[in-house]
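> here is my input; please provide its structure:
(3 chains)
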Amino acid sequence: MTDSPSIVLFQTDLRLADNPALTAAVQRGKPLICLYVWNPDAKGYDKPGAASRWWLHYSLEKLSSHIQQTGNDLVIRTGQTAEVVSSLAAQFKTPRIFWNRSCEPAFRKIEHRLQTFLKGEGGDGTGFDGTNLADPDRIQTQSGTPYTVFTPFWKKLQTVLPPSPPLAAPQKLPSPPSTHLKSETLASLKLLPKIDWAHGLRNTWSPGEEGARSALKKFLLAPAKHYSTDRDRPDLPHTSQLSSHLHFGEISPRTLCQAITSRMGKCQSAQERKSLEAYLRQLGWREFARYLLYHFPETAQEPLYAAYKKFPWDDRSDFLAAWQNGLTGYPIVDAGMRELWQTGWMHNRVRMITASFLTKDLLLHWKAGADWFWDTLVDADLANNTLGWQWVAGCGADASPFFRIFNPITQGRKFDPDGRYVRKWVPELAGLPHKWIHQPWEAPPLLLVEAQVRLGETYPYPIIDHAAARNRALLAYRHFTKNKHSNTSSPTSDSGKCAST
DNA sequence: TTTTGAGTTGTTCGA
DNA sequence: GTCGAACAACTCAAA
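Modelled structure (predicted):
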C-alpha cells in the first residue's frame, strides 16, 4: 500500500517540462501511472473540435514516445474521466492523484469529482498550477471581486511576474508493475478525420513538445523583433505560431514568459523591447481569458452581460454558409475563412475582421462564429474563443464599443497592402492589380477581363453592402446599448418579464 | 460613500 | 493628404 503508485492525469498539459503535477508526483518517489482519458461521449465545447482532435492525436503520439524514453508508458483509457481515474485509483488502493488545474468548466467538474472521491478515500487531491501564470483565485480587485477590465487586471498580474522559474523535465519516470495496466491504442480513439482533409494541416504544423520549443526558438530569432509593428500583417510571417502548442500545454506559459523576459533583459534595440512587451501583453490577454472563464464559467454559452440575450440577431443560414466557405465577396474575409479551412489557423487580425463581419455586417449570432471556430481551429481554446467572440460582439468583458465596425476594404488595404495574403488564399483574384484586390466589384470591367475574373461566376459579388450593413448594425446596437443592463439592474423596469438571469 | 479617470485592436467626416 | 473630433453611454476600479 505504501508503494502504491501515483496517478498523473494529463489533460491540456501534454508535456514533461515544467509540469508541476508531474514533478510533484515524481518527488513522491513512487511508481507513476501516466494517464490520458478520452471521453468519446462528450458534447459541444466539452469535446475538442475536428481540427483540434487532429492536433491532439499527434500531440498524444509525441507525449507517448517521450514518456517511453523515460522508461514508462502513457496509459490511454476511454470513458468519463473522473470515473476512469477513480476506478484505477481504487484498483491500486488509495494512491495519490496529480493533475494540473484548468479553467474550463468540463475539467473543473472532473476535478471536483476527483476531490470528492479522494476525500472519501482519505486521500489527498489538489490540482497544480501549470496552465496559468498566476492562480486566478489570487488575482482580485481591492474589494475582492474578479476583474472584468483588462488594464487593471494586467497591472495586477504584472506585480507577480515573472513567475518562478520553469521546472526541468524529469529524466526518469519510474514505472509500475504493468500487469494490470491495459491501454487503448491511440488509433482506437479515432481522433483523425475519416476523410483525409488534413494534408494542409500536416504541411503547416508540428504538434508536440519539441515542435513547441522550436517554434519559440524560431520566433525569438526574428519575428519577435518586429512583433509590435508587424503582428497585424497577415501577409507576413511575424506571429509566434505558438497558440496551439500553448492550448495543448506542450509549452507552459511560464516557460514562454521566462524566455521573453530574459530576452528583454539582454535586448539592445528599443524596437525589440517594445515588441517583446507587446508579446508579453498578449500572454496577459490569454491569462485574462482563462481568468474570466474560471470566474464566469457560463460565458462560454451566454453573454457576460445578460441583457444581450435579447439582442435581435439575424438567422440567415445562407449568409452563415457564405461566411464559412469564404464566399462573401469581400476578399480579406474570404481569404481568412479559407486560410482557416485549409490550415486550421487564421491570423489574429483577420480573426477580428471576419468576426466583425459575421456579427456586425451580417448580424449573425456570435455563437455561430464561435462554434465554427471551435470546429475548424487547431488552436481552438474555450477561454480565448469565448473572450474573443464576446469582445467583438460587444457583449463581453472590455467589449469593443458598438460603433467599432471593421470596414473589410479599409482593413484589407491597411494590413494586406499588396494583396499578397488575398492572392494566396483567393487565387481566383490573383490576376487583379492591388489597387482593386480588396474591392473587385469596383474594378474597371476591362481589368476584370484581363485578370480572368468574372464576378458572380468565378468570384461572388459582395453578399451584403458594407455601408448599408454598417448603418443597420449601428441602429441595432445603438438602440440596444441604451438598455444594456436594464434587465439585470432594474427589475422594476418594463422588461420585468425577462428579468431572470 | 462618492467621485474621478479610464477603457486592445475603428471609421467617418470635415477642417 | 493629414489630422482631430465625434461616434454614446456606461461600468469598472481605485482613491
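
> quickly note the distance from the residue nearest the centre of chain A to A:G388.
Most central in chain A under C-alpha atoms, centre = their mean is A:D381, positioned 2.8 Å from the mean C-alpha point. Look at A:D381 and A:G388: by C-beta to C-beta, to the nearest Å, they are 9 Å apart. From N, CA and C alone the C-beta is placed, and that goes for glycine too.

> next one: A:T70
Distance, A:T70 to A:G388, using C-beta to C-beta: 37 Å.

> can I take it that A:L9 is in a strand?
Yes. A:L9 sits within a strand when classified using DSSP: H, G, I helix; E, B strand; the rest coil.

> so the nearest residue to it once chain neighbours are set aside is in which element?
Sequence neighbours aside, A:W99 is the residue nearest to A:L9 in space, at 4.2 Å (criterion: C-beta to C-beta, 6 or more residues apart in numbering). Following DSSP states H and E, one finds A:W99 within strand A:97-99.

> list the buried residues in that strand.
Neighbour counts over strand A:97-99 (16 or more other C-beta atoms under 10 Å) mark A:97-99 as buried.

> distance to DNA strand B added to the residues you listed, as TSV?
Formatted as TSV, the buried residues of strand A:97-99 follow (distance: C-beta to the nearest atom of the strand, whole Å):
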residue	distance to DNA strand B
A:I97	35
A:F98	32
A:W99	28
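
> my guess is the residue nearest to A:L9 contacts A:S6. True?
No. Using C-beta atoms under 8 Å, A:W99 makes no contact with A:S6, being 10.9 Å away.

> re earlier: what is the strand holding A:W99 packed up against?
strand A:6-10, helix A:20-28, helix A:105-120 (3 or more C-beta pairs under 8 Å, 6 or more residues apart in numbering; DSSP states H and E).

> 7 Å instead?
Judged by 3 or more C-beta pairs under 7 Å, 6 or more residues apart in numbering; DSSP states H and E, strand A:97-99 is in contact with strand A:6-10, helix A:20-28.

> what's the burial count for the nearest residue to the residue nearest to the centre of chain A once chain neighbours are set aside?
Leaving aside its chain neighbours, A:D381 sits nearest to A:H247 (4.5 Å; criterion: C-beta to C-beta, 6+ apart). If you count neighbours by other C-beta atoms under 10 Å, A:H247 ends up with 25.

> dihedrals phi and psi, A:H247?
Taking degrees, to the nearest 10, you get phi -60, psi -40 for the backbone angles of A:H247.

> contacts only, for A:N384.
By C-beta atoms under 7 Å, 6 or more residues apart in numbering, the residues touching A:N384 are A:286, A:289.

> quick one: A:A380 and A:A370 touch, right?
No. Counting by C-beta atoms under 7 Å, A:A380 stays clear of A:A370, with 9.4 Å between them.

> list the contacts for the residue of the stretch 1-150 of chain A found nearest DNA strand B?
Taking C-beta to the nearest atom of the strand as the measure, the stretch 1-150 of chain A has A:F150 as its residue closest to DNA strand B, at 3.7 Å. By C-beta under 7 Å, 6+ apart, A:F150 lies in contact with A:285, A:288, A:398.

> figure out the helix or strand that the second one lives in.
This points to A:F288. Take DSSP H and E as the rule and A:F288 turns out to sit in helix A:270-295.

> helices or strands next to the first helix or strand past that helix going along the chain in the packing?
Counting by DSSP H and E, the element after helix A:270-295 in chain order, helix or strand, is helix A:317-325. On a contact count with 3+ C-beta pairs under 7 Å, 6+ apart, helix A:317-325 meets no helix or strand.

> now helix A:317-325: buried residues?
For helix A:317-325, the neighbour count (16+ other C-beta under 10 Å) marks A:319-320, A:322-324 as buried.

> with stretch A:144-153 instead?
A:146-148, A:150, A:153.

> please apply the same query to stretch A:38-48.
Buried residues in stretch A:38-48, counted by 16+ other C-beta under 10 Å: A:38-39, A:45, A:47-48.

> ok, A:L35 - contacts?
Contacts of A:L35 (C-beta under 7 Å, 6+ apart): A:7-10, A:75, A:77, A:85, A:88.

> can I get the residues you listed in TSV with pLDDT, distance to DNA strand C and neighbour count?
As requested, the contacts of A:L35 are arranged in TSV below (pLDDT from 0 to 100; distance: C-beta to the nearest atom of the strand, whole Å; neighbours: other C-beta atoms under 10 Å):
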residue	pLDDT	distance to DNA strand C	neighbour count
A:I7	95	38	23
A:V8	96	35	28
A:L9	97	33	26
A:F10	98	33	26
A:V75	97	42	23
A:R77	98	41	19
A:V85	96	36	25
A:L88	93	41	21
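
> from the residues you listed, which is closest to A:I437?
Distance to A:I437, by C-beta to C-beta, is smallest for A:F10 among the contacts of A:L35, at 45.7 Å.

> now do the same contact list for that closest one.
With contacts defined as C-beta under 7 Å, 6+ apart, A:F10 is in contact with A:34-36, A:63.

> break chain A into its domains for me.
A:6-130, A:132-168+A:208-295, A:306-481 (automatic domain parsing).

> first to last residue in the first one, what's the distance?
Spelled out, it's domain A:6-130. 18 Å (C-alpha to C-alpha, to the nearest Å).

> distance from it to the middle of the chain?
Its chain's average C-alpha position is 20 Å from that of domain A:6-130, according to C-alpha atoms, centre = their mean, to the nearest Å.

> ok, now the last one?
Taking C-alpha atoms, centre = their mean, the mean C-alpha location of domain A:306-481 is offset from the chain mean by 19 Å.

> how about it and DNA strand C, touching?
Yes. Contact of domain A:306-481 with DNA strand C (C-beta under 7 Å from any atom of the strand) involves A:401-403, A:478, A:481.

> thinking again about what came up before, I'd say the residue nearest to the centre of chain A and A:F248 touch.
No. A:D381 is not in contact with A:F248 according to C-beta under 7 Å; the separation is 9.3 Å.

> buried residues, stretch A:166-174. List them.
By neighbour count with 16+ other C-beta under 10 Å, stretch A:166-174 contains the buried residues A:166-167, A:169-170, A:173.

> looking at those residues, spot the one nearest A:N203.
Nearest to A:N203, judged by C-beta to C-beta, of the buried residues of stretch A:166-174 is A:A169 at 28.5 Å.

> hang on, the closest one is in a strand, isn't it?
No. When classified by three-state DSSP, A:A169 is found to be coil rather than part of a strand.

> count the residues that sit near A:W154.
A:W154, neighbours per other C-beta under 10 Å, totals 17.

> that one and A:G284 touch, don't they?
Yes. A:W154 is within contact range of A:G284, at 4.7 Å (criterion: C-beta under 7 Å).

> if we can go back for a sec, parallel or antiparallel, list what pairs with the strand holding A:W99.
Using DSSP bridges, the strands paired with strand A:97-99 are strand A:6-10 (parallel).
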